[in-house]
Every structure is written in structure tokens, then in C-alpha cells.
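Asks: Compute the structure for the input listed below.
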Amino acid sequence: MRVLIGVGNYSACDDGIGLRIIEHIAAKGLDKGFHAVDLSSNSLNLFSYLHPGTEALLIVDSAKMGKKPGEYLFFEPRAARSRKKLAGFSTHEGDVVKVLELAREMRAPIPPILIMGIEPKSLKAGMGLSKALESRLPEYASAAIGKLFEIR
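Replies: Numbering: from 1, shown residues only. This is a model prediction of the structure:
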């Protein structure tokens, strides 16, 4: 099983890009040969997909990378540095990088994983994506699905 996971927060503008991509994939019926999953901000649920039956994971999230808004990169989780200040692990705040670090420490079976980071334009409080990202949803979905099937 291949899994495309969207994470983020709907109420923080472009931080919801991963979730909106999962919605787009579901609405267009593009989830053929893989599972499209909305984890929202509860990244602890990522543990549900860390098992021998998972062939590959692609996680889509907003990522401040110093790029132009809307640009994206694919990278391995070990290449990411979390800037979040968390009080600890909870279902109310999420950090995929820290969850994967915990999974490694627990010796969970971790499949090949890539992250698709999309540079946000705005992370301010508010519903909806910036026009810079919203107009590119089909492109992001296509790129994510294509990359998911390249992961070995």
C-alpha cells in the first residue's frame, strides 16, 4: 500500500495546503492505487501507517524553505529541521519530523518516506489558501501522485 498524507491546519491559511491537496485528490477521484489521508494537525496518527504493509509514504505540508510562495521541493525527512516549539507530544499540535524521530527511537518499521514541502505565502489566522497556492492545487496533486509512485 502506498499512502499520500496531507497534514496542516485549515485555520492558518497556507498551512492547510496538504489538507487541500488531499481534498482535491478525493473530489477528482484521483486516488487510484494509493490511499489519500488527511491527518490534519494530529501527526501522531502517522504511526498508523508505519508498518510492513506500507510500501511508501509521501507527506505533503507547508514548509518555510526560503523559496518563492508556491514553490515546492521533495526531500527526505532527515533533511528537514523542525522550527516548532512544542510543549510535548499531543493530539493538539503536530510535527511530522518529531513523530518520525520518535518512531525511529521506538524502532517502528519505517517505509521509504518523502516530504513534499510547499512554500507558504501566508500562515496568518484565516480560512482558505492564498491565491498563489490555491491556483496550483491540480499541479501539486499531480506532482505528489507522480512522486509517490517513484518512491522506492
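Asks: Not counting its neighbours along the chain, what's nearest residue 56?
Replies: Take residue 56 and drop its neighbours on the chain: the residue closest to it by C-beta to C-beta, 6 or more residues apart in numbering is residue 151, 3.8 Å away. Quick note: C-beta positions are derived from backbone N, CA and C, even for glycine.
Asks: Quick check: which element contains residue 38?
Replies: If you go by DSSP states H and E, residue 38 is part of strand 35-40.
Asks: Tell me which other helices or strands the next helix or strand after that strand touches.
Replies: On the C-terminal side of strand 35-40, the closest following helix or strand by DSSP H and E is strand 56-62. Counting contacts by 3 or more C-beta pairs under 8 Å, 6 or more residues apart in numbering; DSSP states H and E, strand 56-62 packs against strand 2-7, helix 17-28, strand 113-118, helix 137-148.
Asks: Could you look up the SS state of the residue nearest to residue 56?
Replies: Following DSSP: H, G, I helix; E, B strand; the rest coil, we place residue 151 in the coil state.
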